[in-house]
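**Q** when you get a sec, could you give me coordinates for this:
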Amino acid sequence: MSADPATWPPAGSPEATVGALLAPYLDWLAEQGMATHTISSTRLDLLQLTRFVGRQPLREIALEDLRAFFLWLARQQGNSVSSLRRKTSTVKRFFRQLHADGLLDADPAAGLIYPALTTTPADPLTADEVEAIVRAATNLGWRVLVLCLVDAGLKRDEVVALRWEDVEIDGHGEGALSGLLHVRHRRATRRVRQRALSLTPRLRTALEALQIEPRPDDGSVLGISARGVDFVVETCAKRAGVRPDQKITPQMLRDAFGCARARIFREREAALDEEHGARVEARREHNQLLIRELGLALSSAVPDRYRAMVERLESNRPKQVGLNDH
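**A** Here you go, the predicted model:
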């Protein structure tokens, strides 16, 4: 982002307020390829900040003002912890960019701390629950959507951005996996890490069937928004009767993919010789593979989190009662 005098107030301008910079900042986010729903939520979050600080110049906003803003959101507006965490991210990103562009001498949001999550993480979906959700996706487009999450581990925004040019259905190999799904940088999801993923037979079959259906004019596979993805996943879960007292999200289906891969890796590692370090080396390689498949940073600890989730699932599994002849 550059400080264009025509649209962006110069550094130190006494007229530079949150409200004055909101529109050009949102325009810049759009130019950077930020997802539409992210821009929309950013606008609403910063409008609340504008309401709180009024016409206070940006250069006069201090960390204490921002802490007071979040205290107001929590106590007066009744914002949940998850909402406060999202708004913290929005505000920190906004002021960090202003500081990077020289519009502020210092970043007043640098000292903001994310509120701690107090909720206990939900148990990961079991394999039976996942398959019930897949079966409930009777619409062809919905089935492709669910399988992109469950069988390929795509993020919600990656599903939204998926285009037919990314799909290579004609696989050249024999066996369980054939065909490729190319996940690239897209305008709707610029932070995606480029990678190629193997298609499972059922995802390939679903894509083949969908390919002969009428397609969106923009070349997208599903022609759906991020909120539309949420709706499909929630509806399929309700149809399947999966955890009716809990909201099932796209991330939970992506987590199911991660758990399934972690389970396979653990089984492979258990068969290796532990004495010569083969098991440790295999674990390291498997973690790197899962990081690549999920499009994560190389330093990510997510593979270990999925391994822990698998262990929790197995420990919660009812023990079978054996019969004896006595």
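**Q** elements contacting the lowest-mean-pLDDT helix or strand in the chain?
**A** Every helix and strand of the chain was ranked by mean pLDDT, DSSP states H and E. The lowest is strand 180-183, at a mean of 82. When contacts are defined as 3 or more Cβ pairs under 8 Å, 6 or more residues apart in numbering; DSSP states H and E, strand 180-183 sits against strand 167-168, strand 195-198. In this view, the C-beta of every residue, glycine as well, is placed from N, C-alpha and C.
**Q** give me the buried positions along the longest one.
**A** Of the residues in strand 195-198, those buried under the neighbour-count criterion (16 or more other Cβ atoms under 10 Å) are Leu197, Ser198.
**Q** just for the stretch 151-300 of the chain, where's the confidence low?
**A** Judged against pLDDT under 70, the low-scoring parts of the stretch 151-300 of the chain cover residues 171-178, 185-193, 275-276.
**Q** which residue ranges of it form helices?
**A** 156-161, 201-211, 226-240, 250-270, 278-294 (DSSP state H, counting those that start in this stretch).
**Q** how many degrees apart are the third one and helix 250-270 in direction?
**A** It refers to helix 226-240. Taking axes from the mean of the first three to the mean of the last three Cα atoms, to 10 degrees, one finds helix 226-240 and helix 250-270 inclined to each other by 70 degrees.
**Q** buried ones in helix 226-240, by neighbour count?
**A** Buried residues in helix 226-240, counted by 16+ other Cβ under 10 Å: Ala226, Val229, Asp230, Val232, Val233, Thr235, Cys236, Ala237, Ala240.
**Q** want to throw these into a markdown table with distance to Leu199?
**A** A markdown table is the format used below for these (distance: Cβ to Cβ, whole Å):
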| residue | distance to Leu199 |
| --- | --- |
| Ala226 | 23 |
| Val229 | 19 |
| Asp230 | 24 |
| Val232 | 20 |
| Val233 | 20 |
| Thr235 | 24 |
| Cys236 | 20 |
| Ala237 | 24 |
| Ala240 | 23 |
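**Q** could I get the helices and strands packed on strand 180-183 as a markdown table with distance to Leu147?
**A** Below are the helices and strands packed on strand 180-183 laid out as a markdown table (distance: least, Cβ to Cβ, whole Å):
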| stretch | distance to Leu147 |
| --- | --- |
| strand 167-168 | 12 |
| strand 195-198 | 12 |
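**Q** to Pro57, which of the ones you listed lies closest?
**A** In terms of Cβ to Cβ, the element of the helices and strands packed on strand 180-183 nearest to Pro57 is strand 195-198, at 44.8 Å.
**Q** got a list of contacts for the closest one?
**A** With Cβ atoms under 8 Å, 6 or more residues apart in numbering as the contact definition, strand 195-198 has outside contacts at Ala152, Gly153, Leu177, Ser178, Gly179, Leu180, Leu181, His182, Val183, Arg292, Glu293, Gly295.
**Q** surely the fifth one touches Asp151?
**A** No. Using Cβ atoms under 8 Å, Gly179 is not in contact with Asp151; the gap is 11.4 Å.
**Q** which of the two has more neighbours?
**A** When neighbours are counted by other Cβ atoms under 10 Å, Asp151 comes out ahead of the other of Gly179 and Asp151, with 25 against 21.
**Q** please indicate which of the contacts of strand 195-198 are buried?
**A** For those, burial is judged from neighbour counts taken by 16+ other Cβ under 10 Å, and it is met by Ala152, Gly153, Leu177, Ser178, Gly179, Leu180, Leu181, Val183, Glu293, Gly295.
**Q** closest to Tyr306 among the residues you listed?
**A** Looking across the buried ones among the contacts of strand 195-198 and measuring by Cβ to Cβ, the closest to Tyr306 is Gly153, at 10.3 Å.
**Q** quick one: contacts for the closest one?
**A** Contacts for Gly153 were tallied using Cβ under 8 Å, 6+ apart; they are Leu197, Arg254, Phe257, Gly258, Arg261, Glu293, Leu294.
**Q** how far away is it from Arg202?
**A** 15 Å (Cβ to Cβ, to the nearest Å).
**Q** ok, now Met252?
**A** Distance of Met252 to Arg202, given as Cβ to Cβ: 19 Å.
**Q** run through the bridge partners of the residue nearest to Asp166 when sequence neighbours are not counted.
**A** Nearest in space to Asp166, with sequence neighbours left out and distances taken as Cβ to Cβ, 6 or more residues apart in numbering, is His182 at 4.4 Å. Legend: beta-bridge partners of His182 under DSSP bridges are Ala196.
**Q** contacts only, for His182.
**A** Applying Cβ under 8 Å, 6+ apart as the definition, the contact partners of His182 turn out to be Asp166, Val167, Glu168, Gln194, Arg195, Ala196, Leu197.
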